[in-house]
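[1] Dropping a prediction and its sequence here:
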Amino acid sequence: MSQRVSDEVVAMAMGELRSVHSSGRHGETLPYVHKVGSPPKQSLFQEIKHSVNETFFSDNPLKEFKDQTIQRKFVLGLRAVFPIFDWARGYNLKAFRSDFISGLTIASLCIPQDIAYAKLANLDPQYGLYTSFVAPLVYAFMGSSRDIAIGPVAVVSLLLGTMLSDEIKDYHSHEYLRLAFTATFFAGITQMALGVLRLGFLIDFLSHAAIVGFMAGAAITIALQQLKGLLGIKNFTKKTDIVSVMDSVWSSVHHGWNWQTIVIGVSFLAFLLITKYIAKRKKKLFWVAAIAPMTCVILSTLFVYITRADKKGVSIVSGGITSTVPLSVSTSYANQSARIGVVAGMVALTEAVAIGRTFAAMKDYSLDGNKEMVALGTMNIIGSLTSCYVATGSFSRSAVNYMAGCKTAVSNIVMALVVLLTLLVITPLFKYTPNAVLASIIIAAVLGLIDIQAVILLWKIDKFDFLACMGAFFGVIFKSVEIGLLIAVAISFAKILLQVTRPRTAVLGKLPGTSVYRNIQQYPNATQVPGMLIIRVDSAIYFSNSNYIKERILRWLTDEDTRRTGSELPEIHYLVVEMSPVTDIDTSGIHSLEELYKSLHKRDVMLVLANPGPIVMEKLHASNLTDLVGEHKIFLSVADAVATFGTKGAES
């Protein structure tokens with residue numbers, strides 16, 4: 001049987017470049033069957049160059065410098081490093097008016113948030129204000145996003161505070177400060193290195209699902225931490241997991257809660273949530289939610305000062321806010337600060353890039369990810385030398401900035417100048433600000449990080465994504481922020497490995513009235529070709545999955561043979577592998593095809609390949625697999641393979 005089939009194939013191969021031929025069963029004229037072309041062979045240097053270019057320089061960043069004078073190249077280089085020199089040429093009074101209003105609006109939001117977020121990092125309030133002064137100024141000159149608002153954010157503040165306090169318990173000490181600023185320096189170095197080395201694609205390994213779960217878990221953890229300030233509890237756990245926090249809350253219910261503090265905190269929290277609801281329902285009233293935190297701070301401070309509620313157990317911002325700038329970076333604790341900085345820097349970078357891309361898409365302009373990383377890294381390095389801690393893009397402030405009508409990064413400059421004015425003039429007035437109000441501001445801000453609709457969508461679309469989301473979420477709330485982040489990364493990598501090592505394969509059939517072949521599970525009316533089994537491999541074939549793909553194809557063949565036994569369909573004599581989704585193949589993949597060919601040969605089944613890509617075809621020729629399989633059994637399409645062997649399969 002095998003010899004007869006082989007003879008027939010050889011006879012048919014003689015007509016490799018025929019224009020037409022007829023079907024033995026129906027006498028119909030079939031189209032020209034093209035031979036699969038082989039790409040020109042590349043040298044090793046060319047292959048390496050192409051791979052490097054596609055990995056690190058896919059956007060061709062040096063194209064503008066080509067054929068330019070030295071002076072012009074210098075100007076272009078200056079614009080590349082400092083985008084402000086590019087867009088500032090067309091800047092006008094109308095744009096400044098919009099940016100000025102946006103800057104004032106986000107300043108009214110960021111000042112109370114900065115004071116509150118600094119407490120999350122176990123730092124005095126002024127360090128949050130320093131961060132919203134220095135970092136936005138640097139970003140305005142180097143960043144490429146028009147909408148992102150820079151400053152401290154809740155998640156990074158909590159992460160930094162948790163990791164720093166694990167190293168130094170006394171967060172009022174000078175060493176704690178030095179460790180915080182040194183960690184910020186390493187965070188900036190990490191971010192800048194990723195941008196300079198064009199390694200921005202690494203942050204894409206943290207999937208959207210993992211980020212959704214991580215952010216939601218961090219939001220709940222942050223909100224639970226604020227129960228200390230909201231309820232007026234003096235002795236509160238330093239742990240962040242939900243079990244420890246709730247135990248600390250309930251154990252102090254009879255003697256540790258302060259009713260005056262609860263009234264102040266709950267009242268202003270309700271006010272903040274109402275203003276957010278109003279702003280959400282009516283977009284034009286976004287400013288109501290934007291100025292609400294500052295309104296809360298002013299009113300609560302006046303209330304405490306007039307009533308002297310601090311004498312009745314209401315906790316206030318201890319010692320007020322000073323404007324002293326201590327020594328920053330230290331070589332002590334180098335290993336610890338480097339580890340903390342890398343983690344905090346990556347989380348901050350992920351959040352900033354995600355926010356920047358979101359608003360760039362909404363306004364339809366391009367955002368250079370590598371430039372963003374350099375800008376964020378530079379601002380954190382400079383910030384660490386001026387007593388700032390890790391800054392990044394804030395979603396809430398960026399959303400307000402966008403809705404206020406900002407045109408450029410000048411809104412960040414306006415915000416920074418207002419913060420400077422606050423530091424120089426207004427800070428003594430914050431002395432009587434109750435911590436309960438700061439807690440309510442944080443709770444109201446972080447609730448927006450819980451995206452229930454996104455979680456529901458994950459469940460509907462991809463159960464594995466939902467698992468990654470839940471893993472990150474429960475890791476954060478039941479253990480710690482670092483563990484949750486680690487689980488998020490681990491599950492993201494597990495998904496990648498699972499998809500790579502266990503790719504999908506599908507049996508194809510012909511759609512009636514067409515020459516199109518599709519998955520028979522997706523299209524039940526697609527008919528299988530008599531005597532043939534057509535299988536599509538939906539992945540590159542590498543060492544990690546080559547053996548699985550071979551075994552899966554053989555299982556398909558066994559299952560189909562069993563199913564066709566006793567049916568009208570003849571037994572299978574031709575196995576067609578549709579290779580259009582196979583983007584690449586390595587040595588292990590070649591060996592698996594050789595083994596597949598030998599296994600099929602023992603079963604009197606002929607291996608036929610359809611539509612291999614240029615890279616795959618080049619490697620098939622280099623390995624001489626085309627000689628083993630036979631070039632006359634490698635076709636441009638499944639339709640050509642069926643046109644050639646379909647009739648013979650039916651007759652056999």
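    Sure, I can see it. Numbers count the residues shown, from 1 in each chain.
[2] Now do the helix or strand encompassing residue 353: which elements does it pack against?
    In this assignment (DSSP states H and E), residue 353 forms part of helix 334-363. When contacts are defined as 3 or more C-beta pairs under 8 Å, 6 or more residues apart in numbering; DSSP states H and E, helix 334-363 packs onto helix 154-167, helix 174-196, helix 369-384, strand 392-394, helix 395-403, helix 481-501. Quick note: C-beta positions are derived from backbone N, CA and C, even for glycine.
[3] Summarise which helices and strands the second one is packed against.
    Based on contacts counted as 3+ C-beta pairs under 8 Å, 6+ apart, the elements that helix 174-196 packs against are helix 154-167, helix 334-363, helix 369-384.
[4] If I follow the layout properly, residue 110 ends up in contact with residue 135?
    No - between residue 110 and residue 135 there is no contact under C-beta atoms under 8 Å: 11.1 Å.
[5] where do the contact lists of the two overlap?
    Listed as contacting both residue 110 and residue 135 by C-beta atoms under 8 Å, 6 or more residues apart in numbering are residue 151.
[6] Same drill for the two, tell me which one is more crowded.
    Higher neighbour count among residue 110 and residue 135: residue 110, with 32 against 29, using other C-beta atoms under 10 Å.
[7] Which pLDDT does the model give the more buried one?
    Note on residue 110: pLDDT of 90.
[8] and if you look at residue 15?
    At residue 15, the pLDDT value in this model is 41.
[9] Then the one 3 residues further on?
    Predicted confidence (pLDDT) for residue 18: 37.
[10] any idea which helix or strand carries residue 570?
    Assigned by DSSP H and E, residue 570 falls outside every helix and strand.
[11] Can you report how many residues neighbour it?
    Look at residue 570: counted by other C-beta under 10 Å, it has 14 neighbours.
[12] Tell me, how many residues neighbour residue 507?
    Residues within reach of residue 507, counting by other C-beta under 10 Å, total 17.
[13] ignore the last one, residue 311
    The local packing of residue 311 (other C-beta under 10 Å) involves 8 other residues.
[14] quick revisit: would you mind listing the buried residues in the helix holding residue 353?
    The neighbour-count check on helix 334-363 (16 or more other C-beta atoms under 10 Å) flags 336-338, 340-356, 358-360 as buried.
[15] Please apply the same query to stretch 312-319.
    Under the neighbour-count criterion of 16+ other C-beta under 10 Å, stretch 312-319 has 314, 315, 316, 317 buried.
[16] what's the nearest residue to residue 393 if we skip its chain neighbours?
    Among residues not flanking residue 393 along the chain, residue 352 sits closest, at 3.8 Å (C-beta to C-beta, 6 or more residues apart in numbering).
[17] Retrieve the pLDDT associated with the one you found.
    For residue 352, the model assigns a pLDDT of 89.
[18] The one 10 residues further on too?
    pLDDT, residue 362: 83.
[19] That one against residue 399, yeah?
    No - using C-beta under 8 Å, residue 362 is not in contact with residue 399; the gap is 10.3 Å.
[20] quick revisit: packed most tightly, which of the helices and strands packed on helix 334-363 would that be?
    Using mean count of other C-beta atoms under 10 Å, the stretch among those with the largest mean neighbour count is strand 392-394, at a mean of 29.
[21] What pairs with that one, parallel or antiparallel?
    Applying DSSP bridges to the sheet, strand 392-394 is found paired with strand 149-151 (antiparallel).
[22] Which positions within whatever helix or strand residue 248 lives in qualify as buried?
    Taking DSSP H and E as the definition, residue 248 sits inside helix 242-251. For helix 242-251, a neighbour-count test (16+ other C-beta under 10 Å) marks 242, 245, 248, 249 as buried.
[23] Name the SS class of residue 240, please.
    The three-state assignment at residue 240 reads coil, by DSSP: H, G, I helix; E, B strand; the rest coil.
[24] re the thing from before, just the closest of the buried residues of helix 242-251 to residue 230, please.
    residue 249 (9.9 Å; C-beta to C-beta).
[25] roughly how far apart are the closest residue to that closest one other than its chain neighbours and residue 478?
    Excluding the flanking residues, the one nearest residue 249 by C-beta to C-beta, 6+ apart is residue 227, at 5.4 Å. Separation of residue 227 from residue 478 (C-beta to C-beta, to the nearest Å) stands at 17 Å.
[26] Flag the helix or strand of the chain with the lowest per-element mean pLDDT.
    Lowest by mean pLDDT, DSSP states H and E among the helices and strands of the chain is strand 21-22, with a mean of 38.
[27] Run through who's touching stretch 482-498.
    Contacts of stretch 482-498 (C-beta under 8 Å, 6+ apart): 159, 162-163, 205-207, 209-211, 213-214, 217-218, 343, 347, 464-465, 467-468, 471-477, 544.
[28] re the thing from before, what about residue 227 and residue 478, which has more around it?
    For residue 227 versus residue 478, the count of surrounding residues by other C-beta under 10 Å is larger for residue 227: 19 against 15.
[29] Give the full set of residues in contact with that one.
    Per C-beta under 8 Å, 6+ apart, neighbours of residue 227: 233, 236, 245, 249, 439.
[30] from the residues you listed, which single one is nearest residue 527?
    Taking C-beta to C-beta as the measure, residue 527 lies nearest residue 245 of the contacts of residue 227, at 62.0 Å.
[31] From residue 646, how far out is the nearest residue to residue 574 once chain neighbours are set aside?
    Ranked by C-beta to C-beta, 6+ apart and with sequence neighbours excluded, the top spatial neighbour of residue 574 is residue 532, at 4.5 Å. Computed as C-beta to C-beta, the residue 532 to residue 646 distance reads 6 Å.
[32] Compare those two (neighbour count), which wins?
    Comparing residue 532 with residue 646 by other C-beta under 10 Å, the one with more neighbours is residue 532, at 27 against 22.
[33] Packing partners of the helix holding residue 248?
    helix 208-225, helix 227-231, helix 463-478.
[34] how about a markdown table for these, with distance to residue 504 and mean pLDDT added?
    Output for the helices and strands packed on helix 242-251, formatted as a markdown table (distance: least, C-beta to C-beta, whole Å; pLDDT from 0 to 100):
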| stretch | distance to residue 504 | mean pLDDT |
| --- | --- | --- |
| helix 208-225 | 19 | 88 |
| helix 227-231 | 47 | 87 |
| helix 463-478 | 13 | 89 |
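[35] looking at the ones you listed, which is buried most?
    It is helix 208-225: most buried of the helices and strands packed on helix 242-251 by mean count of other C-beta under 10 Å, with a mean of 25.
[36] For it, name the packing helices and strands.
    Using 3+ C-beta pairs under 8 Å, 6+ apart, helix 208-225 sits against helix 154-167, helix 242-251, helix 435-446, helix 452-461, helix 463-478, helix 481-501.
[37] can you do 6 Å?
    helix 154-167, helix 435-446, helix 463-478, helix 481-501 (3 or more C-beta pairs under 6 Å, 6 or more residues apart in numbering; DSSP states H and E).
[38] For the stretch 1-150 of the chain, which segments are assigned as helices?
    Counting by DSSP state H, counting those that start in this stretch, one finds helices in the stretch 1-150 of the chain at the ranges 2-13, 44-56, 70-81, 84-87, 93-120, 125-142.
[39] tell me the mean pLDDT for the second one?
    In this model, helix 44-56 has a mean pLDDT of 68.
[40] if we can go back for a sec, which among the helices and strands packed on helix 208-225 is found nearest to residue 145?
    Across the helices and strands packed on helix 208-225, closest to residue 145 is helix 154-167 (C-beta to C-beta), at 17.6 Å.
[41] Could you check the angle the closest one makes with helix 435-446?
    Angle, helix 154-167 to helix 435-446, by axes from the mean of the first three to the mean of the last three C-alpha atoms, to 10 degrees: 120 degrees.
[42] Quick one: residues in contact with helix 154-167.
    117, 120-122, 171, 179-180, 218, 222, 240, 336, 340, 344, 347-348, 390, 392, 446, 481 (C-beta atoms under 6 Å, 6 or more residues apart in numbering).
[43] just stretch 396-414 next, same as before
    87, 95, 98-103, 105-106, 109-110, 136, 140, 143, 146-150, 286, 290, 355, 359, 445.
[44] Perfect, I'm done here.
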